[in-house]
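*Asks:* sequence and predicted structure are below.
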Amino acid sequence: MSETAKITLQGQSYEFPVVTGTENEKAIDISKLRDQTGYITLDTGFKNTGATASQITFLDGEQGILKYRGYKIEELAEKSSFLEVAYLLIYGDLPTKDGLDKFQKRINKHTVIHEDMKKFFDAFPYTAHPMGQLASLVSSLSAFSPESFNTDASKEDNDLVVIKLLAKMPTIVSWIYKGALGRPFIYPKSKNDYITNFMHMTFGKVTEDVEFDPVVLDALDKLLILHADHEQNCSTSTVRIVGSSGANLYASISAGISALWGPSHGGANQAVIEMLEHIKNDGGDTEKWINKAKDKNDEFRLMGFGHRVYKNFDPRAKIIKKACDNVLEKLGINDPVLEIAKKLEEAALHDPYFVERKLYPNVDFYSGIIYRALGFPTEMFTVLFALGRLPGWIAQWLELRYNQEPIGRPRQVYTGKTERNYVDLDKR
Ligand code: CMC
């Protein structure tokens, strides 16, 4: 007999179906709740609300499990490449060697952005935050790709929009970096793979090919894989909800980029380094800052610690900690903020406040340290997160569109004033 959930309201019982996911996740399907009872559910922050049924990513926060399309993140990070993972997320299966080759070639055909877009880069002041630029530039891609507006587009047409976005994103990200430095833009090279092309446009030379250290390329590739999807988090839910109105892919992903910007989400990697710098400049007393984080009357939180869903450990943090150590050793970096990071990590892992609340270092604690070691300015960190998250956002947007999901429209419990009589302006 199929499982149901019973709700009793004002003495009357109602039954609702229980939905079971392929990993045995359980949900009460309350889609008919309001029709049948007149009630809605209240779940601020959507901590217990499933917004969709998805086949893309599974994560179990209690056990620290993350899988893309059924493949464990540990295995993907060790054995695959970011482009392979992008293909997996978007098309559902790992590519064959030939399939991957074709995917890379199709992407390489579209890496150049329209020359007119250069004017946008010129128009931003040097101080413009890279995330604001990225959101604007990705949205403005729609102006050069009017076919993206078609809500009835065939799968082939949608696929071209997807390829164009995947191809142009590294160019845009690199050029944001170059623009802030006032240095000339470097054009992509069609012989390069995805990561090398990005590094070439960011840290390469116009006149000659630079050989990048494989440890560096590997760390960047891993970081992008680890960030590639994370089911229905704040930015992904934003992409889906914007997409649910029929908005095009570029507009939906631009909205996701804006959502990612906040320090409670993708902005945490920037916030981590800023916090470490601040602690260093304050004298480096980590105990003082741990105590501040524990003090309920103090707003300070340890950036890079804690996670909405991982309440045991963040499996991505485990993988990236190793890559972080490799990069630092290989590049021979001796950065005083790293000492502070180590002390905070050590203290928080043993302090009962953090242990009881299951607050462990998350992926952004280490990703910021790697990006800094590679030479990226702090404000670029969240942009790099967005570069990694792109295939996940795309896969989620496509799933929503092909499943013809209805427009997202949550309800609310109104707690404002009830009816009031209008008082004329001169009598108030
Ligand atoms: N420092 C100190 N105390 C903390 C922290 C922290 N970083 N995070 C949570 N707590 C405490 C919080 O005060 C609360 O204590 P109490 O139970 O005594 O009231 C308890 O732990 C639970 O916190 P919460 O706010 O209910 O947890 P949440 O699941 O709503 O928030 C979070 C998750 C990630 C927003 C939060 O842990 C945080 O602000 N962390 C710092 C920012 C950060 O690193 N964010 C990046 C997350 S990973 C990137 C991504 O996937 O987007």
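*Replies:* Perfect, I can see it now.
*Asks:* residue 227 versus the closest residue in space to residue 313 that isn't next to it in sequence, what's the distance?
*Replies:* Spatial nearest neighbour of residue 313, chain neighbours left out: residue 64 (4.6 Å); criterion: CB to CB, 6 or more residues apart in numbering. C-beta coordinates here come from the backbone N, C-alpha and C atoms, glycine included. From residue 64 across to residue 227, the span is 17 Å (CB to CB, to the nearest Å).
*Asks:* what about these two, which has more around it?
*Replies:* More neighbours surround residue 227 than the other of residue 64 and residue 227, with 26 against 18 (other CB atoms under 10 Å).
*Asks:* that one and residue 391 touch, don't they?
*Replies:* No. Applying CB atoms under 8 Å, one finds residue 227 not in contact with residue 391, separated by 9.7 Å.
*Asks:* tell me where the chain has strands.
*Replies:* 4-9, 12-20, 26-28, 57-60, 65-68, 71-72 (DSSP state E).
*Asks:* distance of residue 5 relative to residue 149?
*Replies:* Distance of residue 5 to residue 149, computed by CB to CB: 41 Å.
*Asks:* again with residue 184
*Replies:* When residue 184 is compared with residue 149 (using CB to CB), they lie 33 Å apart.
*Asks:* when those two are compared, which one has more neighbours?
*Replies:* The residue with more neighbours, out of residue 184 and residue 149, is residue 149; 15 against 8, by other CB under 10 Å.
*Asks:* buried set for stretch 262-269?
*Replies:* 263, 265-269 (16 or more other CB atoms under 10 Å).
*Asks:* what do you get for stretch 199-219?
*Replies:* 199-204, 212, 216-219.
*Asks:* and it, average pLDDT?
*Replies:* The average pLDDT for stretch 199-219 rounds to 92.
*Asks:* how near is residue 271 to residue 398?
*Replies:* Counting by CB to CB, the gap from residue 271 to residue 398 is 31 Å.
*Asks:* also residue 26?
*Replies:* 27 Å.
*Asks:* the more surrounded of these two?
*Replies:* residue 398 (22 against 11).
*Asks:* find the nearest non-adjacent residue to residue 355, please.
*Replies:* Nearest to residue 355 is residue 349, by CB to CB, 6+ apart, at 7.5 Å.
*Asks:* quick one: contacts for that neighbour?
*Replies:* If you count contacts by CB atoms under 8 Å, 6 or more residues apart in numbering, residue 349 has them with 355, 360-361.
*Asks:* from those, pick the one nearest the ligand.
*Replies:* Distance to the ligand, by CB to the nearest ligand atom, is smallest for residue 361 among those, at 8.7 Å.
*Asks:* the closest one: neighbouring residues, count only.
*Replies:* 25.
*Asks:* the residue lying closest to residue 70 once chain neighbours are set aside: how many residues sit nearby?
*Replies:* Sequence neighbours aside, residue 58 is the residue nearest to residue 70 in space, at 7.6 Å (criterion: CB to CB, 6+ apart). By the criterion of other CB under 10 Å, residue 58 has 18 neighbours.
*Asks:* for residue 58, name its beta-bridge partners.
*Replies:* residue 67 (DSSP bridges).
*Asks:* how close does it sit to the ligand?
*Replies:* Going from residue 58 to the ligand by CB to the nearest ligand atom, to the nearest Å gives 15 Å.
*Asks:* show me which residues of the chain are close to the ligand?
*Replies:* 230, 233, 264-266, 268, 293, 301-308, 357, 359, 362, 364 (CB under 6 Å from any ligand atom).
*Asks:* of those, which belong to helices?
*Replies:* Using DSSP state H, the members of these that fall in helices are 268, 293, 364.
*Asks:* show me where the stretch 101-250 of the chain has its helices.
*Replies:* 118-123, 130-140, 155-181, 194-203, 214-227, 234-243, 249-260 (DSSP state H, counting those that start in this stretch).
*Asks:* in JSON lines, list those helices along with distance to residue 38.
*Replies:* Shown next, in JSON lines, are the helices of the stretch 101-250 of the chain (distance: least, CB to CB, whole Å):
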{"stretch": "helix 118-123", "distance to residue 38": "50"}
{"stretch": "helix 130-140", "distance to residue 38": "40"}
{"stretch": "helix 155-181", "distance to residue 38": "39"}
{"stretch": "helix 194-203", "distance to residue 38": "52"}
{"stretch": "helix 214-227", "distance to residue 38": "42"}
{"stretch": "helix 234-243", "distance to residue 38": "25"}
{"stretch": "helix 249-260", "distance to residue 38": "32"}
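*Asks:* list the contacts for residue 93?
*Replies:* With CB under 8 Å, 6+ apart, residue 93 has these contacts: residue 69.
*Asks:* now it: phi and psi?
*Replies:* phi -130, psi 160 (degrees, to the nearest 10).
*Asks:* how much space between it and residue 382?
*Replies:* 30 Å.
*Asks:* can you check residue 404 too?
*Replies:* 32 Å.
*Asks:* look at these two and report which has more neighbours.
*Replies:* Between residue 404 and residue 382, counted using other CB under 10 Å, the more crowded position is residue 382 (29 against 7).
*Asks:* nearest spatial neighbour of that one, skipping sequence neighbours?
*Replies:* residue 266 (4.5 Å).
*Asks:* surely residue 28 touches residue 5?
*Replies:* Yes. Counting by CB under 8 Å, residue 28 does reach residue 5; the two are 4.4 Å apart.
*Asks:* the more surrounded of the two?
*Replies:* More crowded of residue 28 and residue 5, by other CB under 10 Å: residue 28, with 18 against 14.
*Asks:* contact partners for the more buried one?
*Replies:* 5, 16-19.
*Asks:* looking at the stretch 301-428 of the chain, which residue is nearest the ligand?
*Replies:* Closest point on the stretch 301-428 of the chain to the ligand, by CB to the nearest ligand atom, is residue 306, at 2.4 Å.
*Asks:* which pLDDT value goes with that residue?
*Replies:* 88.
*Asks:* give me the number of residues near it?
*Replies:* 21.
*Asks:* identify the residues contacting the nearest residue to it once chain neighbours are set aside.
*Replies:* Sequence neighbours aside, residue 359 is the residue nearest to residue 306 in space, at 4.3 Å (criterion: CB to CB, 6+ apart). With contact set as CB under 8 Å, 6+ apart, residue 359 has these partners: 302, 305-306, 348, 353.
*Asks:* what's the burial count for the closest residue to residue 387 other than its chain neighbours?
*Replies:* Using CB to CB, 6+ apart and skipping residues adjacent in sequence, the residue nearest residue 387 is residue 173, 5.3 Å away. Counted with other CB under 10 Å, the neighbours of residue 173 add up to 23.
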